[in-house]
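1. model the structure of this input:
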Amino acid sequence: MEALLDITILSWNIRGAQNNNARRNLKELMSKHNPTFIAIYETHVPYHRLSTFWANIDYTPIHIIEANGHSGGIWLLKHSATNILTTITNSNPHYISFTINRGHASSFCTCIYASPNPTQRPILWNHLINLSHSIDAPWMIIGDFNETLLPSDQRGGVFHHSRAASFSNFMNSCNLLDLTTTGGKFTWHRNSNGIRILSKKLDRGLANVNWRLNFPEAFVEVLCRLHSDHNPLLLRFGGLPLSRGERPFRFEAAWIDHGEYESLVKNSWQPRTHNIISALNNVKENSVNFNHEIFGNIFQRKKHIENRLKGIQNYLERVDSIRHSHLEKELQKEYNHILFQEEMLWYQKSREKWVKFGDKNTTFFHTQTIVRRKRNRVHRLQLPCGTWSFDSDTLQQEAQNYFKLFFTASQDNRDRTFTEGTHLSITEEGRNSLTTPITKNEVYVALNSMKPYKAPGPDGFHCIFFKQY
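-> Numbering: from 1, shown residues only. From the prediction side, this is the model:
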């Protein structure tokens, strides 16, 4: 899907497209973000009144659903210079579905404007559920859903549990995930006399698992609200370019399953029995070499075994060979072993607690890993001068500067001595308990109480390593 990574979609309920403020803001958004596609809703006017405006800023219509007075209306346009092929597959007054293609890469997209009437929205959800049954491809939806999913999606007003449940059922039925969002928590605001009395997250991006796995860096940015009571959304298929440094060491639980790794740990540990840090560093260095020279890349090994199996099976279609039949069984056994190691890899990275390892949930673990990474990623920071930055190098430098300043700041000169009688005192028994040497059994109990696949320590080793060896 690399051919589609540069695609961006700007989605905005504009609440009237003809007035001067709307056009100024549209022109500014196009100039600043240069989106590949733009979908705007509640247009209030026929498209032909702004056809010259769109031509002047180099955007051409893909599909137009005209508004009924001040109700509805969806305009879908794309940048004139783009070489992406688009095909409209479905449309009605509340959504436009289309495919985008460049070379062999393709994606199914839907731009949606759900009815403000809550009694009409379940009809749209059911319609989209039926549509999902015919989609066997990466699929994303973006737009104004006119519905909240969680109580935290709004501030003020009454949260409607039954309507949220209907929306949630629609997402589950279509296997849709809520895309990572940055830039703001809410996308719609209602003011009264200049005072904000109600805020909700009505606009969002959703995607099925297939789309999320093909575009793991994608995220939705909530842009600044300057004209409508809705914030514009900008979906970036490929995310932002990242400046990657040297990857830190991370222990891979799948190494445990290899017959030679236990002896590697023992041989690395023996010369340094009296220095744990030195022993761990030795294990770390030898593990890196072991991974490169012996264990190898799981995905490349899986592909290699698949190709060998295919070749042997093609040969056995022409020639009877006991030797090749035995080899086929050995390769199938090795392939299943690699699948087990792959499942262990994604289980470790997903850090899921409730699902049981061994249930062949590799795709689920992979998806959870992608979602967790996106949730934990910092997409922007406010600089000391007050401006916001998205640049990867700047984000890394600012984070480093912040913690350097935080941990090296000089201490104040306040008197930190306690006045006798103003604080609780510890008992003699408590003092003895704190100063008693730690026993081997205490360490053993503490270690066994830890989750084996949770986040590693600063040395890169997960708890499973210490439990195993």
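2. low-confidence ranges in this protein?
-> The model of the chain has pLDDT under 70 over residues 192-196, 241-246, 271-274, 346-379, 409-423.
3. quick one: the helices in the stretch 301-450 of the chain, in order.
-> For the stretch 301-450 of the chain, the helices defined by DSSP state H, counting those that start in this stretch cover 322-350, 362-376, 392-408, 428-435, 440-448.
4. likewise the stretch 101-250 of the chain?
-> Using DSSP H, counting those that start in this stretch, helices in the stretch 101-250 of the chain cover 121-132, 161-173, 209-214.
5. kindly format the C-alpha coordinates of stretch 177-192 as PDB.
-> C-alpha atoms of stretch 177-192 as PDB (Å, rounded to 0.1, in the frame of the first residue of the first chain):
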ATOM      1  CA  LEU A 177     -11.800   0.600  14.800                       C
ATOM      2  CA  ASP A 178     -11.800   4.200  15.900                       C
ATOM      3  CA  LEU A 179      -8.800   5.800  14.200                       C
ATOM      4  CA  THR A 180      -6.100   7.600  16.400                       C
ATOM      5  CA  THR A 181      -7.100  11.300  16.700                       C
ATOM      6  CA  THR A 182      -4.900  14.200  17.700                       C
ATOM      7  CA  GLY A 183      -5.400  18.000  18.000                       C
ATOM      8  CA  GLY A 184      -8.500  18.100  20.000                       C
ATOM      9  CA  LYS A 185     -11.000  15.900  22.000                       C
ATOM     10  CA  PHE A 186     -14.200  17.400  20.600                       C
ATOM     11  CA  THR A 187     -15.200  18.300  17.000                       C
ATOM     12  CA  TRP A 188     -18.500  20.200  17.600                       C
ATOM     13  CA  HIS A 189     -19.300  23.000  19.900                       C
ATOM     14  CA  ARG A 190     -22.400  25.000  20.800                       C
ATOM     15  CA  ASN A 191     -22.000  28.400  22.400                       C
ATOM     16  CA  SER A 192     -24.500  30.700  24.100                       C
END
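6. so which bits of that stretch are buried?
-> Counting neighbours by 16 or more other Cβ atoms under 10 Å, one finds that the buried residues in stretch 177-192 are Leu177, Asp178, Leu179, Thr180, Thr181, Gly183, Phe186, Thr187, Trp188, His189. No exception for glycine: its C-beta is placed from N, CA and C like everyone else's.
7. same question for stretch 385-399.
-> By 16+ other Cβ under 10 Å, the buried positions in stretch 385-399 come out as Leu395, Gln396, Glu398.
8. with distance to Ser287 added, can I get those residues in a markdown table?
-> Output for the buried residues of stretch 385-399, formatted as a markdown table (distance: Cβ to Cβ, whole Å):
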| residue | distance to Ser287 |
| --- | --- |
| Leu395 | 30 |
| Gln396 | 27 |
| Glu398 | 33 |
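9. ok, so of the residues you listed, who is nearest Tyr41?
-> Checking the buried residues of stretch 385-399 against Tyr41 by Cβ to Cβ gives Leu395 as the nearest, at 32.5 Å.
10. and this structure, split by domain according to the record?
-> Listed by automatic domain parsing, the domain ranges of the chain are 2-236, 253-376, 381-410.
11. now for the residue lying closest to Asn191 once chain neighbours are set aside, how many residues are close by?
-> Of all residues not flanking Asn191 in the chain, Ile197 sits nearest, at 6.8 Å (Cβ to Cβ, 6 or more residues apart in numbering). Neighbourhood size, Ile197 [other Cβ atoms under 10 Å]: 12.
12. just Gly239 next, same as before
-> Neighbours of Gly239 under the rule other Cβ under 10 Å: 16.
13. rewinding a little: strands - which of the buried residues of stretch 177-192 land there?
-> Judged by DSSP state E, the buried residues of stretch 177-192 include Leu177, Asp178, Thr181, Trp188, His189 as members of strands.
14. so what's Glu398 up against?
-> Leu381, Leu383, Ser389 (Cβ atoms under 8 Å, 6 or more residues apart in numbering).
15. still on that earlier bit, so which of the domains of the chain is nearest Asn441?
-> Evaluated with Cβ to Cβ, these place domain 253-376 nearest to Asn441, the distance being 18.3 Å.
16. correct me, but Gly239 touches Glu217?
-> Yes. The pair Gly239 / Glu217 is scored as a contact, 3.0 Å apart, by Cβ atoms under 8 Å.
17. show me the contacts for the nearest residue in space to His94 that is not next to it in sequence.
-> Leaving aside its sequence neighbours, His94 sits nearest to Leu124 (Cβ to Cβ, 6+ apart; 5.3 Å). Listed by Cβ under 8 Å, 6+ apart, the contact partners of Leu124 are His94, Tyr95, Ile112, Ala114, Ser115.
18. just checking, which of those belong to strands?
-> Using DSSP E, the subset of the contacts of Leu124 located in strands is Tyr95, Ile112.
19. of the buried residues of stretch 385-399, closest to Phe461?
-> Nearest to Phe461 among those is Gln396, at 24.6 Å by Cβ to Cβ.
20. so which bits of stretch 147-162 are buried?
-> Buried residues in stretch 147-162, counted by 16+ other Cβ under 10 Å: Glu147, Thr148, Leu149, Asp153, Gln154.
21. next, count neighbours for Leu447.
-> Leu447 has 12 neighbouring residues, counting by other Cβ under 10 Å.
22. so Ile464 versus Pro456, what's the distance?
-> Separation of Ile464 from Pro456 (Cβ to Cβ, to the nearest Å): 10 Å.
23. do I have it right that Ala399 meets Leu381?
-> Yes. Counting by Cβ under 8 Å, Ala399 touches Leu381, with 7.3 Å between them.
24. dump the contacts of Glu398 into JSON lines; add distance to Asn169 as well.
-> Below are these laid out as JSON lines (distance: Cβ to Cβ, whole Å):
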{"residue": "Leu381", "distance to Asn169": "37"}
{"residue": "Leu383", "distance to Asn169": "43"}
{"residue": "Ser389", "distance to Asn169": "40"}
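25. these in strands, which ones?
-> Leu381, Ser389.
26. show me what contacts Ala67?
-> When contacts are counted by Cβ under 8 Å, 6+ apart, Ala67 touches Glu42, Thr43, His44, Val45, Pro46, Gly73.
27. check Gly69 too.
-> Gly69 touches His44, counting by Cβ under 8 Å, 6+ apart.
28. and if you look at Val319?
-> For Val319, the contact set (Cβ under 8 Å, 6+ apart) is empty.
29. separation between it and Leu331?
-> From Val319 across to Leu331, the span is 17 Å (Cβ to Cβ).
30. check contacts around His70.
-> Going by Cβ under 8 Å, 6+ apart, His70 touches Gly16, Glu42, His44.
31. just the closest of these to Ala22, please.
-> Nearest to Ala22 among the contacts of His70 is Gly16, at 5.9 Å by Cβ to Cβ.
32. how near is the closest one to Ala81?
-> For Gly16, the distance to Ala81 equals 28 Å [Cβ to Cβ].
33. in strands only, show me the buried residues of stretch 147-162.
-> Taking DSSP E, the ones among the buried residues of stretch 147-162 that sit in strands are Gln154.
34. nearest residue to Val45 in space, please, no chain neighbours.
-> Using Cβ to Cβ, 6+ apart and skipping the chain neighbours, the partner closest in space to Val45 is Gln18 (4.4 Å).
35. could you report the neighbour count for that neighbour?
-> Using other Cβ under 10 Å: Gln18 sits among 14 other residues.
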